[in-house]
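1. sequence-free structure coming up:
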Ligand SMILES: Nc1ncnc2c1ncn2[C@@H]1O[C@H](COP(=O)(O)OP(=O)(O)O)[C@@H](O)[C@H]1O
Ligand SMILES: N[C@@H](CCOP(=O)(O)O)C(=O)O
């Protein structure tokens, strides 16, 4: 039996809409992400389990894991009779790259099972395609970090689809999922089709400045430039108390806070564990809406998807 763990990811990382993503894992060792197992069988079958299994589509054909298997076999040119198990530990429509976790774990597990017929670029291309089916447009900012780990800039110039950007070892990423659902496709549909020249200039300055600050190891500058003029102004109304908790988090010493992917999860960057713990308590009392919500203090997951 081959078993693969794919970690949670932060699409956009605030400043890089569709072109920046980060893989994160809780520092307490919790496996925040999906796990996919695969073994040989006489005919294809899929079993689902895990914390969020009840939120999956009831029909197997609608599960993205099934669709990954189907596409993998199509590209491979033969049908693989396998039994797959999805452990769905990621809430759906959370902004934590839940569908990406299932997609990446499935393709990596299938590729391992089939003795690695596809290389990294071919797999990433397939991952982007399947993620695009679900969210309404191909975007690699979840699948690339989930697969490769770390902070990833999406270049989308095959064979260079995504490359790693240096981040800051002293950063803690406090992830707060309020327990409500925001559909990625809907959160994309509310964005404007066009932006003003002023927006474009600001976006270029923030994004280029952030990448520059990462390479020149200026963590305070990087956090200051982590500003989102593309999605946040339109998506923040979908989130509970967003502005209020951000002000409070900054007062507690956080360096920056933004929407993770299309939300409703938010990420807060802190440069000490002490501040991260204070922010985690703030999020628990001020942002979590129900018992399905959670807060995790994370660090970048630099490994990405791996066999366990
Ligand atoms: N294995 C799966 N994991 C997550 N979502 C799935 C899966 N299979 C199918 N889906 C469907 O894909 C959509 C994912 O929604 P989306 O808002 O993109 O979630 P997320 O932002 O958490 O990835 C939902 O409609 C969900 O029912
Ligand atoms: N760049 C995408 C990221 C969506 O991430 P998800 O975790 O919400 O699926 C976007 O902002 O639409």
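-> On my side now, so go ahead. None of these values were measured; they are calculated from a predicted model. Ligands and ions are numbered 1, 2, ... in the order given.
2. May I have the predicted confidence score for the residue in the chain sticking out farthest from the centre?
-> The outermost residue of the chain, judged against the average C-alpha position, is residue 42 (33.9 Å), by Cα atoms, centre = their mean. The score at residue 42 is 97. That number is its pLDDT.
3. again, but for residue 257
-> On pLDDT, residue 257 comes in at 98.
4. Now it, what are its backbone angles?
-> With angles defined as degrees, to the nearest 10, residue 257 sits at phi -140, psi 140.
5. can you pull the contacts of whichever residue of the stretch 1-150 of the chain sits closest to ligand 2?
-> Taking Cβ to the nearest ligand atom, ligand 2 has its nearest neighbour within the stretch 1-150 of the chain at residue 11, 2.8 Å off. All C-beta atoms are positioned from the backbone trio N, CA, C, and that covers glycine. Applying Cβ atoms under 8 Å, 6 or more residues apart in numbering to residue 11 gives the contacts 18, 21, 95, 97, 139, 141, 142, 260, 261, 262.
6. again, only using 6 Å
-> The neighbourhood of residue 11, defined by Cβ atoms under 6 Å, 6 or more residues apart in numbering, consists of 21, 141, 142, 261.
7. what's the distance between it and ligand 1?
-> For residue 11, the distance to ligand 1 (Cβ to the nearest ligand atom, to the nearest Å) stands at 8 Å.
8. Same check on residue 286?
-> Note on residue 286: its distance to ligand 1, by Cβ to the nearest ligand atom, is 22 Å.
9. what number of residues lie near that residue?
-> Using other Cβ atoms under 10 Å, residue 286 has 15 neighbouring residues.
10. just to revisit the earlier point, among the contacts of residue 11, name the ones in strands.
-> Among those, DSSP state E puts residue 21 in strands.
11. which residues sit in contact with residue 172?
-> Residues near residue 172 by Cβ under 6 Å, 6+ apart: 270, 276, 297.
12. Then residue 100?
-> Going by Cβ under 6 Å, 6+ apart, residue 100 touches 131, 142, 143, 146.
13. how about whichever helix or strand it is part of: buried residues?
-> Assigned by DSSP states H and E, residue 100 belongs to helix 98-113. Judged by neighbour count using 16 or more other Cβ atoms under 10 Å, the buried positions of helix 98-113 are 98-111, 113.
14. Just give me the closest of those residues to residue 184.
-> Set against residue 184, the nearest of those by Cβ to Cβ is residue 99 (7.6 Å).
15. And for the residue lying closest to residue 129 once chain neighbours are set aside, the neighbour number?
-> The shortest distance from residue 129 to any non-neighbouring residue, by Cβ to Cβ, 6 or more residues apart in numbering, is to residue 138 (6.5 Å). A count of nearby residues for residue 138, using other Cβ under 10 Å, gives 16.
16. Residue 56 too?
-> When neighbours are counted by other Cβ under 10 Å, residue 56 registers 18.
17. mind giving me the domain ranges of this structure?
-> Domain assignment for the chain by automatic domain parsing gives 2-165, 172-299.
18. can I get the ones you listed in TSV with distance to residue 306?
-> Below are the domains of the chain laid out as TSV (distance: least, Cβ to Cβ, whole Å):
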stretch	distance to residue 306
domain 2-165	6
domain 172-299	16
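19. which one of the ones you listed is the most hemmed in?
-> With neighbours defined as mean count of other Cβ atoms under 10 Å, those peak in mean count at domain 2-165, which reaches a mean of 20.
20. my read: residue 223 touches residue 258, true?
-> No - using Cβ atoms under 6 Å as the test, residue 223 is too far from residue 258 to be in contact (10.2 Å).
21. Mind checking what helix or strand follows the top helix by length along the chain in sequence?
-> With secondary structure taken from DSSP state H, the chain has its longest helix at helix 197-215. Moving toward the C-terminus from helix 197-215, the next helix or strand (DSSP H and E) is helix 219-224.
22. check contacts around the nearest residue to residue 224 once chain neighbours are set aside.
-> Distances taken as Cβ to Cβ, 6+ apart put residue 256 closest to residue 224, at 7.5 Å, once the chain neighbours are dropped. The contact partners of residue 256, by Cβ under 6 Å, 6+ apart, come to 223, 226, 269.
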